[in-house]
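Colleague: everything below, folded, please.
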Amino acid sequence: MITRYALFEGSIKAGQTDAFRRAVLEDLVPMWQVFPGVVGIRVSFAEERDPGAPELVMILAVDYPNRAALATALASDARLASRAATERMMPHYFSGRIHHHVTEVESFTGMADSS
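Modeller: Here you go, the predicted structure:
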């Protein structure tokens, strides 16, 4: 599986945290859900970080079965529409930059009993 992360590095404008989260969940998530080939979406809103760590207010993870599906999604009209909506919305709530990272995912389940 391939996961493309969008890291929202910066800060939420004063008094806009709830509005930011609502806009992401109500307006952007439905747009991301219609990207071709998407098999999963996770939105993580920051709650705390280590001292000195960069401020990431949100991490978006979008899963695809393979790189071909990712390439199709990135070239899609759905992605262009969501990107335009993000560029319109973010200046109202967020100051910073958004950068992307693509990873190949290895998943593991279960934990060894430590007793």
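
Colleague: all strands for this structure, in order.
Modeller: Assigned by DSSP state E, the chain shows strands spanning 2-12, 40-45, 56-64, 94-104.

Colleague: who's the residue lying closest to Leu25 once chain neighbours are set aside bridged to?
Modeller: Nearest residue to Leu25, sequence neighbours excluded (Cβ to Cβ, 6 or more residues apart in numbering): Val43, at 7.0 Å. For glycine as for every other residue, the C-beta is placed from the backbone atoms N, C-alpha and C. Assessed by DSSP bridges, Val43 has beta-bridge partners Leu60.

Colleague: show me where the chain dips below the pLDDT cut-off.
Modeller: Along the chain, segments meeting pLDDT under 70 span 113-115.

Colleague: geometric centre of it: which residue is closest?
Modeller: In the chain, the centroid-proximal residue (Cα atoms, centre = their mean) is Leu60; its distance is 1.4 Å.

Colleague: wait, isn't it in contact with Val43?
Modeller: Yes. Look at Leu60 against Val43 with Cβ atoms under 8 Å: they come within range, at 5.6 Å.

Colleague: and the lengthiest helix in the chain, which residues are buried?
Modeller: Criterion DSSP state H: the longest helix present in the chain is helix 77-93. If you call a residue buried by 16 or more other Cβ atoms under 10 Å, then helix 77-93 has these buried ones: Arg79, Ser82, Thr86, Met89, Met90, Tyr93.
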